[in-house]
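> I'd like to go over a predicted model; first the sequence, then the structure.
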Amino acid sequence: MSPQSAKVNPESWPPYDFDQINKGVEHTRLAIQYVMAKIDAFKLLDESVVPEGLKQIARSMSWLVEQIIVQNIRKHKDACGITSVDNPPHGLAQYDCVLHFKDEPQEYLVNIKTSLSITRTGGRSDISKGPKLVELYESNPNAVLIVAIVKVTLEGVVVTFDDLILFNVAWTPDPYYNRANHNLQSICNGTQTRRTNQAFVEILSGLMREAGHDMHY
C-alpha cells in the first residue's frame, strides 16, 4: 500500500512525550558509546591478502561495523541497562536492531551507519528512503527511529572507533527530499529539532508532493 494512501487519522496519533523519548535517545547513545569504548579497534582481515591496504571507503566496512555494534550491545546489554536487543523482521528494514531498556515501555529502532572520520561534514547526507519513512511512521505512529553514525579511522586493515553522531530521525533539523534518489536528507551533525512524529510525516509528505512523488517508490 502506498504510504500516501494509508493516512493516519489525525486524532489517532498517540500522545508524544518529548522528554521520555529524548531520555531513550540518550540511553541509546550511551549504550553504543559503551560498546565502542570496549572494542576500541579491530582488524578487518589479514594484511597478506591486501598488500596495498584498503581504500578509504566507508561502505567497505559498514556492514561489519553494524554487526559488531549490534552483537556487542547484545553481549553487554546488562551493563547498558537493556533488557533485549531484537533483530528487524527482515533484511530490508530501515533499522538494524530494536532496543528495549529496563523500566521503559518504548522500543527504539536503531539504524547504524558508518562514516570515516576524515570525511568532511556539514552538508546534507542521505538518511533513508522518504516513502519508506512515511510508511513506517504511519504503520507505527509510536516509532522512534534513531540513526547512529559511527565515525571510524581506517589505517591499513585496522578500524578504530572515534566518535558517534546520533539523532532521532523525526527530529532531523532540516528535512530535505532528494527527488533523484527518493531519500530524506538532512545535516547530520547531531543537532535536533523536536517535533512529533505526526509533524514529521506531514513535513516529509509535503516535500514528496512538491517533488511529484505522491506514489510509493
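Right, received. Where do you want to start? Since we're looking at a predicted model, the values are computed, not measured. Numbering: from 1, shown residues only.
> and stretch 60-77, C-alpha only, in CSV?
Provided in CSV are the C-alpha atoms of stretch 60-77 (Å, rounded to 0.1, in the frame of the first residue of the first chain):
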residue,chain,number,x,y,z
SER,A,60,33.8,-1.4,2.5
MET,A,61,33.3,-1.9,6.3
SER,A,62,29.8,-0.6,7.0
TRP,A,63,28.0,-4.0,7.3
LEU,A,64,30.7,-5.4,9.5
VAL,A,65,30.6,-2.3,11.8
GLU,A,66,26.9,-2.7,12.1
GLN,A,67,27.2,-6.4,13.0
ILE,A,68,29.9,-5.6,15.6
ILE,A,69,27.9,-2.9,17.3
VAL,A,70,24.6,-4.8,17.4
GLN,A,71,26.2,-8.1,18.6
ASN,A,72,28.2,-6.3,21.3
ILE,A,73,25.2,-4.3,22.6
ARG,A,74,23.5,-7.7,23.0
LYS,A,75,26.6,-9.1,24.7
HIS,A,76,26.8,-6.2,27.1
LYS,A,77,23.1,-5.4,27.4
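> Going forward, the N-terminal residue is numbered 55.
Okay, residue one is now 55; in that scheme the one you just asked about reads as stretch 114-131.
> So which bits of it are buried?
Met115, Ser116, Val119, Glu120, Ile122, Ile123, Val124, Asn126, Ile127, Arg128, Lys131 (16 or more other Cβ atoms under 10 Å). C-beta coordinates here come from the backbone N, C-alpha and C atoms, glycine included.
> now for whichever strand or helix holds the fifth one, which elements pack on it?
This means Ile122. Using DSSP states H and E, the element containing Ile122 is helix 116-129. Here helix 116-129 touches helix 72-93, strand 136-140, strand 151-155, strand 161-170, strand 199-209, going by 3 or more Cβ pairs under 8 Å, 6 or more residues apart in numbering; DSSP states H and E.
> Residues contacting it, please?
85-86, 89-90, 92-93, 96, 98, 134, 136, 139, 150-151, 153, 166-168, 202, 204, 206, 213 (Cβ atoms under 8 Å, 6 or more residues apart in numbering).
> how about 7 Å then?
Helix 116-129 is contacted from outside by 85-86, 89, 92-93, 96, 134, 136, 139, 150-151, 166-168, 204, 206, using Cβ atoms under 7 Å, 6 or more residues apart in numbering.
> likewise stretch 70-82?
Contacts for stretch 70-82 (Cβ under 7 Å, 6+ apart): 135, 153, 155, 158, 160, 162, 164, 198, 200, 220, 222, 248, 250-251.
> C-alpha coordinates for it, CSV please?
Listed next in CSV are the C-alpha coordinates belonging to stretch 70-82 (Å, rounded to 0.1, in the frame of the first residue of the first chain):
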residue,chain,number,x,y,z
TYR,A,70,4.1,12.4,22.4
ASP,A,71,6.4,12.5,25.4
PHE,A,72,9.4,14.6,24.3
ASP,A,73,11.4,14.2,27.5
GLN,A,74,10.9,10.5,27.7
ILE,A,75,11.9,10.0,24.1
ASN,A,76,14.9,12.2,24.5
LYS,A,77,15.9,10.1,27.5
GLY,A,78,15.7,7.0,25.4
VAL,A,79,17.7,8.6,22.6
GLU,A,80,20.4,9.4,25.2
HIS,A,81,20.3,5.9,26.6
THR,A,82,20.9,4.6,23.1
